[in-house]
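Asks: I need the structure of the sequence given here:
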Amino acid sequence: MTTPTPLPHGTAARDARTSTRVDVAIAGIRLLEAPVARRAGAGPSDDGHVLLDGVGAAIPLNPRSPYSVRGGRLLLDGADTGMGVEAVARPRFYDLTTSEGVPYEKIARLHSADVLATTVVQTCSRYDEDTRCRFCAIEESLRSEATIAVKTPAMLAEVARAAVELDGVRQMVMTTGTSTGRDRGATHLARCVRAVREAVPDLPIQVQIEPPGDLASLQELYDAGARSIGIHVESLDDAARLRWMPGKGSVPMSEYRAAWAEAVRIFGWNQVSTYILVGLGEDPDELVAGCEELIAMGVYPVVVPYRPLAGTLAKEVDDVPAPPREVVYDVTSRVAAALAKAGMSGADQSAGCAACGACSALGAAQGATQRSCATGVPA
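Replies: Next up, the predicted model:
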């Protein structure tokens, strides 16, 4: 792999760290050891979890990347970038098993340095080749026996308590494969949330789900104890949605908008988020405009570059490359500016992807925007 080409004139000078954060999200790092890593799953995977200058980041492990690590420093073609790198240590709760002999690691995983994450149902009704999301590998980790199909409320409560007590976990994320029922998996999610909150009352929880057919399910999730929610659309462009997500893309955008609006009413402003993947063929200007509309609704758009992941149709069949870093940087910077203008920060969410920030460069870009505003330099 060659050294990344420079960003447009003046951009990197304004914030080299944001530029580097975008670069490594796409190019990855030649990291010899990452005790906390993922290999396929429902979300960004094939990554290692590290601290970049003390901030959690999920970074692809790429032996051909121009980025490497030596002496706790991030190097680009051997030159020090000025950023420190520290691998997230293997959590102690990974060494435990339930009384039935199920390893805790197969029930929930550590994300970044202090986030507990789980897919409560590891199968998806849309996983047939004709309907599955082409960037998703939710059932591949099940086939490799890295996890189990269904996590019970009791299992999750047991693991959550241990993760908090042994490893200082500070938030939890629960997602699910989509069921065939009208609730699309919300009922089981609510049972799991309730059990964890009973075991660890102070642990903030985010749930992630498709828009349920009955929006009353959103209230059920809140009443169970979830305090933030992700309703992930991935793309706001109907053509891209049907091309990349034949099953999920058949859910009308009107259902997403209704679910976002109801979720904001129930969970509150800036406690609702949605994933937006850069690189699915959507026009960047239209993507940013769509994110601005979401922000106006009180929904935080978690902007993340598409990455070709093992086990996905996009990689194994289509061979779609990651988007150009210049496009990712441009979109991320503009969405970060819109978030800053609205006073919306991922750190203010109770739990979840926006609060964690490991898979997106938005946090770094928002920091750059705030610094620019403070010094009077245009962002």
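
Asks: In this protein, spot the helix with the most residues.
Replies: helix 325-342 (DSSP state H).

Asks: And it, what does it pack against?
Replies: For helix 325-342, the elements it packs on are helix 16-27, strand 272-278, helix 284-297, strand 299-305, helix 362-375, judged by 3 or more C-beta pairs under 8 Å, 6 or more residues apart in numbering; DSSP states H and E. For glycine as for every other residue, the C-beta is placed from the backbone atoms N, C-alpha and C.

Asks: so where do the strands sit in the stretch 151-300 of the chain?
Replies: Taking DSSP state E, counting those that start in this stretch to define them, one finds strands in the stretch 151-300 of the chain at 171-175, 205-208, 228-230, 272-278, 299-305.

Asks: partners of the shortest one in the sheet?
Replies: Strands flanking strand 228-230 in the sheet, each with its direction: strand 205-208 (parallel), strand 272-278 (parallel) (DSSP bridges).

Asks: if we can go back for a sec, mind putting the strands of the stretch 151-300 of the chain into a markdown table with mean neighbour count?
Replies: What follows is the strands of the stretch 151-300 of the chain, written out as a markdown table (neighbours: other C-beta atoms under 10 Å):
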| stretch | mean neighbour count |
| --- | --- |
| strand 171-175 | 26 |
| strand 205-208 | 28 |
| strand 228-230 | 27 |
| strand 272-278 | 25 |
| strand 299-305 | 26 |
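
Asks: if we can go back for a sec, what angle separates the longest helix of the chain from strand 299-305?
Replies: 160 degrees (axes from the mean of the first three to the mean of the last three C-alpha atoms, to 10 degrees).

Asks: which regions of the stretch 51-200 of the chain sit below the pLDDT cut-off?
Replies: Scanning the stretch 51-200 of the chain with the threshold set as pLDDT under 70 gives no residue ranges.

Asks: got CSV for the strands of the stretch 151-300 of the chain, with distance to Ala340 too?
Replies: Shown next, in CSV, are those (distance: least, C-beta to C-beta, whole Å):
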stretch, distance to Ala340
strand 171-175, 23
strand 205-208, 22
strand 228-230, 20
strand 272-278, 16
strand 299-305, 12
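
Asks: nearest to Asp80, of the ones you listed?
Replies: strand 299-305 (24.5 Å; C-beta to C-beta).

Asks: So what's the predicted local confidence for the residue lying closest to Arg227 once chain neighbours are set aside?
Replies: Excluding its sequence neighbours, the residue lying closest to Arg227 (C-beta to C-beta, 6 or more residues apart in numbering) is Ser350, at 3.9 Å. Note for Ser350: predicted pLDDT of 96.

Asks: Nearest to Gly56, out of the strands paired with strand 228-230?
Replies: Here strand 205-208 is closest among the strands paired with strand 228-230 (C-beta to C-beta), at 15.3 Å.

Asks: What lies in contact with the closest one?
Replies: 171-176, 186, 189, 193, 196-197, 221, 225-232, 273, 349-353, 355 (C-beta atoms under 8 Å, 6 or more residues apart in numbering).

Asks: Could you report the distance from the nearest residue to Glu316 once chain neighbours are set aside to Ala25?
Replies: Closest residue to Glu316 apart from its sequence neighbours, by C-beta to C-beta, 6+ apart: Ala310 at 7.7 Å. Between Ala310 and Ala25 the distance is 17 Å, computed by C-beta to C-beta, to the nearest Å.

Asks: Likewise for Pro324?
Replies: 13 Å.

Asks: out of the two, which sits in the more crowded spot?
Replies: Ala25 (27 against 15; other C-beta atoms under 10 Å).

Asks: what residues are up against that one?
Replies: Neighbours of Ala25 in contact, by C-beta under 8 Å, 6+ apart: Ala57, Ile59, Pro60, Val304, Pro305, Arg307, Val328, Cys359, Ser360, Ala361.

Asks: and if you look at His188?
Replies: Val120, Val121, Val150, Thr176, Ser179.

Asks: do the same with Thr176
Replies: By C-beta under 8 Å, 6+ apart, the neighbours of Thr176 are Thr119, Val120, Val121, Gly185, His188, Leu189, Gln208, Ile209.

Asks: ok, now Ala361?
Replies: With C-beta under 8 Å, 6+ apart, Ala361 has these contacts: Thr18, Arg21, Val22, Ala25, Val303, Val328, Tyr329, Thr332.

Asks: For the residue lying closest to Ser250 once chain neighbours are set aside, the count of nearby residues, please.
Replies: Excluding the flanking residues, the one nearest Ser250 by C-beta to C-beta, 6+ apart is Leu242, at 7.4 Å. By the criterion of other C-beta under 10 Å, Leu242 has 14 neighbours.

Asks: what comes into contact with stretch 96-110?
Replies: 36, 38, 49, 88, 91, 93-95, 116-118, 146-148, 151, 155-156, 158-160, 162-163, 167, 169, 172.

Asks: I appreciate the help and will end here.
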